[in-house]
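**Q** Everything below, folded, please.
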Amino acid sequence: MSKQNTNEKFKTMIGGQALIEGIMMRGPEKDAVVVRGKDGLTTEVTERKLPKPGSVATWPLIRGVVNFFSAQMVGIKALLRSADLSPEEYSETEKPSKLDLWLEKKLGSEKFQKGLLYAAAVLGIGFSVVLFFLLPMVIGGFFDRWVKSNIGVNLIEGAVRMIIFMAYMYLISKMKDMKRLFSYHGAEHKTIRCYEAKLPLTVENVRQQTRLHPRCGTSFLLVIMLLSILIFSIASSVLLVVAPGLAAMQGTFLYRLIMIAYKLLLLPLVVAIGYEINRFVGRHDNWFTRILTAPGMWFQNFTTNEPDDSMIEVAITALEAVLPQQEGADQW
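**A** Predicted structure coming up:
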């Protein structure tokens, strides 16, 4: 069984994402995509475009929303790139449709790729919002006929959201391809743990680390789910105080529609606060942050698997590719 290095002190801002037969690492200056193909490892490194210090994009709360959408774009781009580089050679086995060829001809190759990327990001975020937020809101809203407490309705909605989220993650974890992806996810975490423990980045040292990490992206999603229960409950109660006439409409279709729209508008705030929490626990290791990260750390038992040595090699290569020139410049 893996065990965590209890002497770990250093905290890095470097994070990653599992890809198709590969890993992406994001450092303070560079991003790296490393994929294992037929001819070995392929490494692609790009410079990061960071917001200017002091700009609006770096302000607390606002930076959470900006970083979230930026990470989605970069992650989808890396995932699509890994599909091109992986042994399956998706780009060669699937011929472009007539629509693809027409769009590429009209928009140009570069514009077409950017359009595809934005569309994929919008569809991915939209799917998550519908499945994990809109659907639970609709289901929870039907209970306002019997549950007159606003907090009670939000707790039911939150419970439905958590059930859907857990069931979704459990089901995809049973898929053959996802099991391998989750193993790369484990390799990413273990390699970052090894680096934070200031041990040489060798397969042997990485293998001994835990595959759980407090700054995991899936843990962040779980925090968002839990945080939404609290924020939606408080915000809904405030709205009913500010607009007392709304309470008289409880149980009606219009009331549910207003509450759903109101909560969807609050989603950026939920994401922003969740980011600040994730940032805080990434910088500190004490009893309080361990309590905050406990649910997410437990959840990673389902979203990470133990990697083999070849996966660890990919993770090490990706991490080494994004290390800053100045030692310690990546510290949180």
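**Q** Please point out which parts of the helix or strand hosting Glu204 sit buried.
**A** For Glu204, the host element (DSSP states H and E) is helix 203-207. Residues of helix 203-207 classed as buried: 203, 205-207 (neighbour count, 16 or more other CB atoms under 10 Å). The C-beta positions use only the backbone N, C-alpha and C, and glycine is treated the same way.
**Q** Out of the residues you listed, which is nearest to Gln250?
**A** Val206 (55.0 Å; CB to CB).
**Q** does the residue nearest to the closest one when sequence neighbours are not counted count as helix, strand or coil?
**A** Among residues not flanking Val206 along the chain, Cys194 sits closest, at 4.5 Å (CB to CB, 6 or more residues apart in numbering). Three-state assignment for Cys194 (DSSP: H, G, I helix; E, B strand; the rest coil): helix.
**Q** How many residues are close by Pro307?
**A** Residues near Pro307, counting by other CB atoms under 10 Å, number 28.
**Q** brain fart, Thr210
**A** 18.
**Q** Below-threshold pLDDT in the stretch 51-200 of the chain: ranges please.
**A** Where the stretch 51-200 of the chain drops to pLDDT under 70, the residues are 88-118.
**Q** Now with 50, please.
**A** Within the stretch 51-200 of the chain, the segments meeting pLDDT under 50 span 89-93.
**Q** circling back: need the buried residues of helix 203-207 in TSV with pLDDT and distance to Ile164, can you?
**A** Formatted as TSV, the buried residues of helix 203-207 follow (pLDDT from 0 to 100; distance: CB to CB, whole Å):
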residue	pLDDT	distance to Ile164
Val203	97	38
Asn205	97	39
Val206	97	34
Arg207	97	35
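**Q** Of those, just say which sits nearest to Met24.
**A** Sorting these by distance to Met24 puts Val206 at the head of the list, at 17.1 Å, by CB to CB.
**Q** give me every residue that touches the residue nearest the centre of the chain.
**A** The residue lying closest to the centre of the chain (CA atoms, centre = their mean) is Gly217, at 3.6 Å. Contact partners of Gly217, counting by CB atoms under 8 Å, 6 or more residues apart in numbering, are 15, 17, 71.
**Q** switch the cut-off to 6 Å
**A** Residues in contact with Gly217 (CB atoms under 6 Å, 6 or more residues apart in numbering): none are found.
**Q** how about it, phi and psi?
**A** phi -70, psi -40 (degrees, to the nearest 10).
**Q** all helices of the stretch 101-250 of the chain, in order?
**A** When secondary structure is read from DSSP state H, counting those that start in this stretch, the stretch 101-250 of the chain shows helices at 109-129, 135-141, 150-173, 176-196, 203-207, 217-242.
**Q** if you compare those, which one is most tucked away?
**A** helix 176-196 (a mean of 22; mean count of other CB atoms under 10 Å).
**Q** how far away is the residue nearest to Val206 from Ala32?
**A** 17 Å (CB to CB, to the nearest Å).
**Q** can you check Pro295 too?
**A** Counting by CB to CB - Pro295 and Ala32 are separated by 30 Å.
**Q** Those two - which one has more neighbours?
**A** Shown here are Pro295 and Ala32; by other CB under 10 Å, Ala32 has more neighbours (23 against 13).
**Q** How about the contacts made by the more buried one?
**A** Applying CB under 6 Å, 6+ apart to Ala32 gives the contacts 25, 45, 318, 321-322.
**Q** Surely it is in a strand?
**A** Yes. Counting by three-state DSSP, Ala32 is part of a strand.
**Q** May I have the beta-bridge partners of it?
**A** Met25, Val45 (DSSP bridges).
**Q** Good, wrapping up.
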